[in-house]
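only geometry, no sequence info:
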C-alpha cells in the first residue's frame with residue numbers, strides 16, 4: 001500500500017505525511033480563504049480546490065480531517081505583496097465605491113463565495129459542515145483572539161507600540177523570518193516601496209494593529225465602542241486586564257488574523273496549512289513569526305525527514321501552496337477580457353460577459369455556459385505544484401473527459417439497476433476483480449505521490465477503456481460501479497443522482513395536501529441550504545404548493561425536484577389549466593427531463 005507524500009514549502013522537499021495526533025488518525029488543516037470584497041476568481045478557486053482534493057485524499061487514506069477555511073472581511077490592504085502592506089483596506093475600498101456599509105458588502109460577497117463553493121462541490125461547504133461557523137470563521141468576529149495574540153507578543157518583546165498607538169512585529173526578534181519563502185532576512189526589501197514610519201524601528205517590521213480614524217470598521221481595546229456585544233464579552237474573558245494602554249482604537253492586520261483563527265479553532269499547532277503561491281510571502285511568513293513570537297509554537301520534523309526530531313519553529317508541520325493560474329499563458333487581465341470569476345463561466349450572459357458566452361457557444365457549450373462539474377474538473381486536472389494554463393481548450397477537454405466518465409457510470413448504473421446488494425450470490429470474474437483491485441491501488445499510488453492528479457486521471461481512463469471492452473454481468477457491473485464511485489470520491493465530477501424513475505400517484509398526492517406537504521418539508525430540510533431551492537422549502541414548510549413560476553431559479557434537477565414539477569403539473573391538470581400543464585412538460589424537456597404518463601403515475605428519464 002502506498003504512503004502519502006507531500007511537497008512541503010517549509011523544507012522545499014517531498015515528505016512522508018505523518019499527523020501530529022499520537023493515535024495517527026486525526027488531521028487538522030487550515031486553508032486561507034477568500035477576502036470578500038468581490039467575486040472570487042478561478043485562480044482563487046484553483047487554490048481552494050487544491051485544498052479540497054487534499055482533504056479528500058487524506059480521508060481516502062483513513063484520516064479524520066478537521067478543515068477550517070476562513071473568511072477575511074477586514075484588514076486586507078490593497079498593496080499586500082510586502083509584509084507591512086499599505087494602501088486602503090480592500091473591503092472598505094469596495095464598500096466606498098459601491099456606497100455600501102462594509103459589513104453589508106462582506107456578507108453579500110461571502111454569500112456569493114459560498115454559492116460558488118457549493119457549485120464546485122467543496123466538501124467544507126457541503127452537508128452539515130456548511131452550517132458550522134467555526135469551520136468558516138470570519139476575521140471581524142475574532143478580534144478578541146487577535147488582541148490576545150498581540151498582547152502576548154508585546155509581553156514577549158516580539159512586538160512594540162509606536163507613538164500613534166499602532167502595534168508592529170519586531171522582525172529582528174525572529175531570526176528565522178524568511179525560512180518559508182527562502183528569503184534571507186538581511187536581503188528583504190519589504191520597505192523598498194513603503195515609507196518608513198517615523199516611529200517604526202525597522203522598514204521590514206509589519207503592523208499587527210493599525211490605527212486609521214477614517215477606517216469604517218474600528219474596535220476600541222479599552223471600551224465597548226465598535227464591538228459586537230458577544231465579542232466584547234469574550235474579549236473581556238480572554239483579557240480581563242485588557243491590553244497595553246498605549247494601543248489606540250483601530251483594526252487588525254491581515255497577517256495576525258489567520259494565526260488567531262487557526263489557534264482558536266484547531267489548537268496551537270496544526271498538521272497542514274494551505275494557500276496559493278502568493279500567500280507564501282509575506283502572509284504565511286508573517287503567520288509563522290507571530291505564532292512563534294507569541295506562543296513559541298514548534299513542531300518536530302516527521303520521521304525520515306532530514307530534521308527528524310528537530311524543532312521547526314512553525315505552528316504547522318506541512319505547508320502546501322498551489323501555483324499560479326494563467327489564462328492563455330498570461331496573467332489574468334480584465335483589460336484583455338481574460339479575468340474570469342466562477343460565475344462568469346457558469347453563466348456568462350447573466351454576468352454581462354456576452355463575448356465570453358459567444359466564445360463558449362462556439363466551443364460547443366450550450367447557451368455559452370460551462371457546467372460546474374466541468375469547471376471543477378478543469379481546475380483540479382493538473383498537479384498543484386505546476387502552473388496551470390487555463391483556456392477554452394482546457395474546458396473542452398474537461399467536458400469531453402467528464403462526459404466519458406458519466407456515460408460509463410450511467411451504463412453501469414443501468415446494468416446494476418436496483419440490485420446493489422453486496423451479498424448477492426453472483427461473483428465477479430477474476431479478470432474484473434483484478435482490474436478493479438489494480439486500478440484502485442494505482443489510483444491511490446498516484447494521489448499519494450504528492451497529489452499527482454494527471455497520473456491519477458490516467459489510471460481512471462485506463463480502467464474505463466478496459467471496462468468498455470468487456471462484457472459485464474451483474475456482479476462485474478457492481479464491482480465496476482464501486483470503482484467508479486471510489487474514483488469520484490476524490491474527483492467529485494459525476495452526476496450520481498438517479499437518472500430515471502417512476503413517480504406514483506400516491507407520491508404526487510402527498511404534495512397536493514397542505515398537511516402532508518408540511519410533513520414532507522422535514523425530509524427536504526437540505527433544500528434550505530441550496531440557494532436555488534431555499535424559497536421553495538420555505539413555501540413547502542408553510543404548507544403551500546409552489547407555482548410553476550417559482551421553479552424558474554432551479555438549476556440542478558434531481559428525483560425530488562422532478563417529483564415537485566410533476567405534482568405542480570398534476571395540480572394544474574386537476575383545475576383544468578392545461579396550458580400550464582403543457583408548459584411544465586415543455587420546461588422539463590428543456591431541462592433534459594422526459595416525462596411520460598403511465599397508469600401507475602409518471603415515468604421520467606433525465607439526460
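Looks like it came in fine. Quick caveat: nothing in here was measured; it's all calculated off a predicted structure.

pLDDT of the helix or strand residue 236 falls within, averaged?
Using DSSP states H and E, residue 236 sits in helix 229-238. What helix 229-238 shows for mean pLDDT is 98.

ok, now stretch 591-598?
86.

number of residues surrounding the closest residue in space to residue 87 that isn't next to it in sequence?
Excluding its sequence neighbours, the residue lying closest to residue 87 (Cβ to Cβ, 6 or more residues apart in numbering) is residue 78, at 3.4 Å. For glycine as for every other residue, the C-beta is placed from the backbone atoms N, C-alpha and C. By other Cβ atoms under 10 Å, the residues close to residue 78 number 13.

ok, now which ones touch residue 78?
The neighbourhood of residue 78, defined by Cβ atoms under 8 Å, 6 or more residues apart in numbering, consists of 85-90, 93.

most neighbours among those, which one?
Within the contacts of residue 78, neighbour counts (other Cβ under 10 Å) peak at residue 89, which reaches 27 neighbours.

okay, now the unreliable bits of the stretch 451-600 of the chain?
498-499 (pLDDT under 70).

one step back: the helix holding residue 236 packs against which elements?
On a contact count with 3 or more Cβ pairs under 8 Å, 6 or more residues apart in numbering; DSSP states H and E, helix 229-238 meets helix 143-155.

can you check what angle separates the helix it packs on from helix 229-238?
Comparing the axes of helix 143-155 and helix 229-238 via axes from the mean of the first three to the mean of the last three Cα atoms, to 10 degrees yields an angle of 30 degrees.

what mean pLDDT does helix 143-155 get?
98.

contacts for it?
With Cβ under 8 Å, 6+ apart as the criterion, helix 143-155 contacts 159-161, 167, 169, 208-209, 219, 221, 227, 231-232, 234-235, 238-239, 243-244, 247, 251-252, 256-257, 259-261, 263-264, 290, 293-295.

could I get the buried residue list for it?
143-154 (16 or more other Cβ atoms under 10 Å).

and if you look at stretch 508-519?
508, 511, 517.

could you list the residues in contact with it?
Under Cβ under 8 Å, 6+ apart, the answer for stretch 508-519 is 520, 540-545, 563-564, 566-568, 570-571, 574, 601-602.

next, count neighbours for residue 522.
9.

which among the buried residues of stretch 508-519 gets closest to residue 470?
residue 508 (40.6 Å; Cβ to Cβ).

how about the closest one, secondary structure?
helix (DSSP: H, G, I helix; E, B strand; the rest coil).

what is the worst-scoring helix or strand of the chain on mean pLDDT packed up against?
Here the helix or strand of the chain ranked lowest by mean pLDDT, DSSP states H and E is strand 500-504, holding a mean of 77. Packing partners of strand 500-504 (3+ Cβ pairs under 8 Å, 6+ apart): helix 559-574, strand 601-606.

relative to strand 601-606, how tilted is it?
160 degrees.

low-scoring stretches of the stretch 51-200 of the chain, by residue?
For the stretch 51-200 of the chain (pLDDT under 70), the answer is 185-198.

do that again at 90, thanks
77-88, 92, 126-131, 183-200 (pLDDT under 90).

what ranges do the strands span in the stretch 201-350 of the chain?
206-210, 251-252, 270-276, 299-300, 311-312, 316-322, 325-327 (DSSP state E, counting those that start in this stretch).

re the thing from before, reformat the buried residues of stretch 508-519 as a markdown table; add distance to residue 552.
A markdown table is the format used below for these (distance: Cβ to Cβ, whole Å):
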| residue | distance to residue 552 |
| --- | --- |
| 508 | 21 |
| 511 | 18 |
| 517 | 20 |
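
ok, then the element right after the biggest helix by length in the chain?
Across the chain, the longest stretch assigned as helix under DSSP state H is helix 392-416. Moving toward the C-terminus from helix 392-416, the next helix or strand (DSSP H and E) is helix 430-448.

after that next one, next one along is what?
Sequence order places helix 453-468 as the next helix or strand after helix 430-448, per DSSP H and E.

same for that next one, what does it pack against?
Applying 3+ Cβ pairs under 8 Å, 6+ apart, one finds that helix 453-468 makes contact with helix 392-416, helix 430-448, helix 474-491.

quick one: that helix to chain centroid distance?
The chain centroid and the centroid of helix 453-468 are separated by 26 Å under Cα atoms, centre = their mean, to the nearest Å.

with stretch 584-602 instead?
Computed by Cα atoms, centre = their mean, the chain-centroid distance of stretch 584-602 equals 35 Å.

in that stretch, which of the residues would be classed as buried?
Neighbour counts using 16+ other Cβ under 10 Å place 584-585, 587-588, 591, 593, 595, 601-602 of stretch 584-602 among the buried residues.

do stretch 467-475 as well
Of all the residues in stretch 467-475, those buried under the rule 16+ other Cβ under 10 Å are 467, 472, 475.

circling back to that earlier point, in JSON lines, list the buried residues of stretch 584-602 along with distance to residue 331 and secondary structure.
As requested, the buried residues of stretch 584-602 are exported to JSON lines (distance: Cβ to Cβ, whole Å; DSSP: H, G, I helix; E, B strand; the rest coil):
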{"residue": "584", "distance to residue 331": "47", "secondary structure": "helix"}
{"residue": "585", "distance to residue 331": "48", "secondary structure": "helix"}
{"residue": "587", "distance to residue 331": "42", "secondary structure": "helix"}
{"residue": "588", "distance to residue 331": "43", "secondary structure": "helix"}
{"residue": "591", "distance to residue 331": "38", "secondary structure": "coil"}
{"residue": "593", "distance to residue 331": "42", "secondary structure": "strand"}
{"residue": "595", "distance to residue 331": "48", "secondary structure": "strand"}
{"residue": "601", "distance to residue 331": "55", "secondary structure": "strand"}
{"residue": "602", "distance to residue 331": "52", "secondary structure": "strand"}
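
who's in contact with stretch 546-557?
Residues outside stretch 546-557 that contact it (Cβ under 8 Å, 6+ apart) are 531-533, 535-536, 539-540, 561, 564-565, 568, 572, 580, 583-584, 587, 591-593, 606.

filter these down to just the buried residues.
Neighbour counting with 16+ other Cβ under 10 Å marks 533, 536, 540, 561, 564-565, 568, 572, 580, 584, 587, 591, 593, 606 as buried within the contacts of stretch 546-557.

end to end, how far does stretch 489-507 reach?
Terminal residues of stretch 489-507 lie 31 Å apart, using Cα to Cα, to the nearest Å.

now it, how far from the chain's geometric center?
With Cα atoms, centre = their mean, you get 24 Å for stretch 489-507.

do the same with stretch 70-86
Mean C-alpha position of stretch 70-86 versus that of the full chain (Cα atoms, centre = their mean) differs by 20 Å.

same question, stretch 586-603
Mean-position distance between stretch 586-603 and its chain equals 35 Å (Cα atoms, centre = their mean).

ends of it, how far apart?
With Cα to Cα applied, stretch 586-603 spans 15 Å between its terminal residues.

just to be sure, residue 21 is in a helix?
No: using three-state DSSP, the assignment for residue 21 is coil, not a helix.

so what's the residue count around it?
13.

quick one: contacts for it?
27, 271.

tell me the confidence at it?
In this prediction, residue 21 carries a pLDDT score of 97.

phi, psi of it?
Note on residue 21: backbone dihedrals following degrees, to the nearest 10 are phi -60, psi 120.

swap in residue 26?
The phi and psi torsions at residue 26 (degrees, to the nearest 10) take the values phi -90, psi 140.

measure residue 410 to residue 249 for me?
Residue 410 is 61 Å from residue 249, where distance means Cβ to Cβ, to the nearest Å.

same thing with residue 557?
52 Å.

over to residue 401?
Where residue 249 is concerned, residue 401 sits at a distance of 54 Å (Cβ to Cβ).

could you do residue 28 as well?
For residue 28, the distance to residue 249 - Cβ to Cβ - is 34 Å.

which one's more surrounded, those two?
residue 28 (23 against 18).

check contacts around the more buried one.
Contact analysis of residue 28 by Cβ under 8 Å, 6+ apart lists 20, 65-66, 68, 266-267, 270-272.

that one bridge partners, please.
On the basis of DSSP bridges, residue 28 is bridged to residue 66.

kind regards, and thank you for your time.
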